[in-house]
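Asks: could you work out the structure for the sequence below:
(4 chains)
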Protein chains: 2
Amino acid sequence: MVNSEVALDAVFGALSDATRRAMLARLASGPATVGELGAPFGITKGAVSKHVKVLERSGLLIRDVQGRVHRCELEPEPLSQAAHWVDEVRAHWEARFDALADYLEELQAGAVPSAAKGESRD
Amino acid sequence: MVNSEVALDAVFGALSDATRRAMLARLASGPATVGELGAPFGITKGAVSKHVKVLERSGLLIRDVQGRVHRCELEPEPLSQAAHWVDEVRAHWEARFDALADYLEELQAGAVPSAAKGESRD
DNA sequence: TGAATAGTTTACCAAATGGTAAACAGTGAA
DNA sequence: TTCACTGTTTACCATTTGGTAAACTATTCA
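Replies: A predicted model of the protein is given here:
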């Protein structure tokens, strides 16, 4: 398993929880303390601390300790990596259909390739 | 928790495993049987079956049972949902910086707003 | 019919996850 | 100095997860 795959594990893993996604959405509009991040959810401080730590480990959140408050900020880089992975797969998938469309168009144009008999497609 | 959030939980959860991501990448270039999907990994049929089921539950994979083989196909819709969520957060984040850039530009232009004294930013 | 094949299911295991309660550590302020 | 506050840590719990081995189901084919 490559290193970037480990990172994607952590990033997608962090995103797979609705509480953490809400925290990230909150952070997208500006920094917040751990307390502020946890306030909307009826969970204990311990649980909030864990969620923030998961986000931090995934690289999606960076923390700046200022006295007794921890100022958290969104780090968008891992989001880009995740988006890139998703886009790659989607692009690959769509390319397949583009190729199929081209093929069908060729067929329609009368230029029937010899491979058209049987079910050799795929 | 809204329904779409439940779906995102499942989608991001499915993506958080490197084996399943590799399976999806494989499916992006065309359909495959459960056996073909599992072949690259040194895991048992049972484990493969579980991974495929996770992908299916998340909506990322659809299955067409043809006799004794299960033909699996990528369903890109949930990928779009995931990409959309990520893009929303990134857009929101970038908008914040655009606003900051505008503000700094205004400052440079000499139109110093009264709020510019002290460190009231953030 | 009987054997091989494709895949699921069951029972089990160890580790990870999301949560709690309560103790703890450090900081700020009266 | 003492108290309130922010956040982490520890111990614990139930559930989920990723894996195995082995039994089972259903289909294909000789």
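
Asks: contacts and neighbour counts: CA atoms only from here.
Replies: Noted.

Asks: element containing A:G42, please.
Replies: Here A:G42 sits in a region with no helix or strand, counting by DSSP states H and E.

Asks: quick check, pLDDT for it.
Replies: Each residue has a pLDDT score; the one for A:G42 is 94.

Asks: can you check A:G30 too?
Replies: 96.

Asks: skipping adjacent residues, who's closest to it in space?
Replies: A:E73 (7.0 Å; CA to CA, 6 or more residues apart in numbering or on different chains).

Asks: what domains does the record give for chain A?
Replies: For chain A, the domain assignment from automatic domain parsing gives the residue ranges A:3-75, A:78-111.

Asks: any chance of CSV for those, columns distance to B:A95 and mean neighbour count?
Replies: Listed next are the domains of chain A as CSV, based on distance: least, CA to CA, whole Å; neighbours: other CA atoms under 10 Å in any protein chain shown:
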stretch, distance to B:A95, mean neighbour count
domain A:3-75, 9, 18
domain A:78-111, 16, 15
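
Asks: mean pLDDT for the ones you listed: which is lowest?
Replies: Ranked by mean pLDDT, the domains of chain A bottom out at domain A:78-111, with a mean of 84.

Asks: closest to B:H84 out of the domains of chain A?
Replies: Closest to B:H84 of the domains of chain A is domain A:78-111 (CA to CA; 9.1 Å).

Asks: how far off centre is the closest one?
Replies: 20 Å (CA atoms, centre = their mean, to the nearest Å).

Asks: so which residue is dead centre in chain A?
Replies: Nearest to the mean C-alpha position of chain A, by CA atoms, centre = their mean, lies A:A82 at 3.6 Å.

Asks: contacting residues for that one?
Replies: Taking CA atoms under 8 Å, 6 or more residues apart in numbering or on different chains as the criterion, A:A82 is in contact with A:L8, A:V11, A:F12.

Asks: try it again with 10 Å
Replies: Neighbour list for A:A82: A:A7, A:L8, A:D9, A:V11, A:F12, A:L15, A:E88, B:L15, B:A82, B:A83, B:V86 [criterion: CA atoms under 10 Å, 6 or more residues apart in numbering or on different chains].

Asks: tell me which element the fifth one is part of?
Replies: Right, A:F12. Using DSSP H and E, A:F12 falls within helix A:3-15.
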